[in-house]
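In: Build me a model from this:
(2 chains)
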Amino acid sequence: NAGVMQNPRHLVRRRGQEARLRCSPMKGHSHVYWYRQLPEEGLKFMVYLQKENIIDESGMPKERFSAEFPKEGPSILRIQQVVRGDSAAYFCASSLTAMNLNTEAFFGQGTRLTVV
Amino acid sequence: KNQVEQSPQSLIILEGKNCTLQCNYTVSPFSNLRWYKQDTGRGPVSLTIMTFSENTKSNGRYTATLDADTKQSSLHITASQLSDSASYICVVSEGMEYGNKLVFGAGTILRVKS
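Out: Numbers count the residues shown, from 1 in each chain, chains lettered A, B, ... in the order given. I've put the predicted structure just below:
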């Protein structure tokens, strides 16, 4: 059973381009979470999705950022018109059920986005 | 504001020695507390999960403690190995209507040297 798969591992974009980050959760997991990690900082929650629905997007900037988790296929985090400040590591996690007392969240290896 | 503070920021120890990492939090409502290990360039991997009713939990050479009254946790690593070199992250679950939201500390970077 493969773990959480993120691709690409590294992504370089010029300012103004679009970045598209993909996350395939563990088999059978329908809950997906996206986090952003800046150097020397902890992971910051961005968005929580459950198959075709956005449950909590309180950590995601209102402009330029969007996320989806379609019925078929991976979850996508899309950043439009990227700026240098978007450079960070973006991690995806998945869980079998909604996060409760003992629910495990499994993390992918992350996508390191560099905006030049 | 919900926060998780970790100390020390970084730590260097000799192989075979023990160490203790600290975590203080102000997350409310509190649901549970987790410790993760994150190797450089990798995603976090879960070490322990503790609810408010548990005050100690072990996973091999890792032992986590929780004092929900003082809102403090610690992670004790026994007989350290070179492979323990990593960032150790304290994560507190904030209770939400839909479940829990994870609030991450910045981590303690541990380096074990021979």
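
In: List, one by one, the residues from chain B near chain A.
Out: Listed as neighbours of chain A in chain B under the rule C-beta under 8 Å from any C-beta of the partner chain: B:4, B:31-32, B:41-46, B:49, B:51, B:89, B:93, B:96, B:98-107. For the C-beta atoms, the positions are set from N, CA and C on the backbone; glycine is no exception.

In: For ChimeraX, write the selection for the buried entries among those.
Out: Applying 16 or more other C-beta atoms under 10 Å in any protein chain shown to the residues of chain B next to chain A, the buried members can be selected in ChimeraX as follows:
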select /B:4,31,32,43,44,49,51,89,93,96,99,100,101,102,103,104,105,106,107
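
In: got the residues of chain A near chain B?
Out: A:4, A:33, A:35, A:40-45, A:48, A:55-56, A:91, A:93, A:98-110.

In: Which of those residues fall within strands?
Out: A:33, A:35, A:43-45, A:48, A:55-56, A:91, A:93, A:106-107 (DSSP state E).

In: re earlier: return the subset of the residues of chain B next to chain A lying in strands.
Out: Those of those lying in strands (DSSP E): B:4, B:31-32, B:45-46, B:49, B:51, B:89, B:93, B:96, B:99-104.

In: Pick the one among the residues you listed closest to A:Asp86.
Out: When these are compared for distance to A:Asp86 (C-beta to C-beta), B:Phe104 comes out closest, at 19.1 Å.

In: quick one: buried residues of stretch A:17-31?
Out: Within stretch A:17-31, the residues that qualify as buried are A:19, A:21-26, A:29-31, counting by 16+ other C-beta under 10 Å.

In: so where's chain A uncertain?
Out: Counting by pLDDT under 70, chain A has low-confidence residues at A:1.
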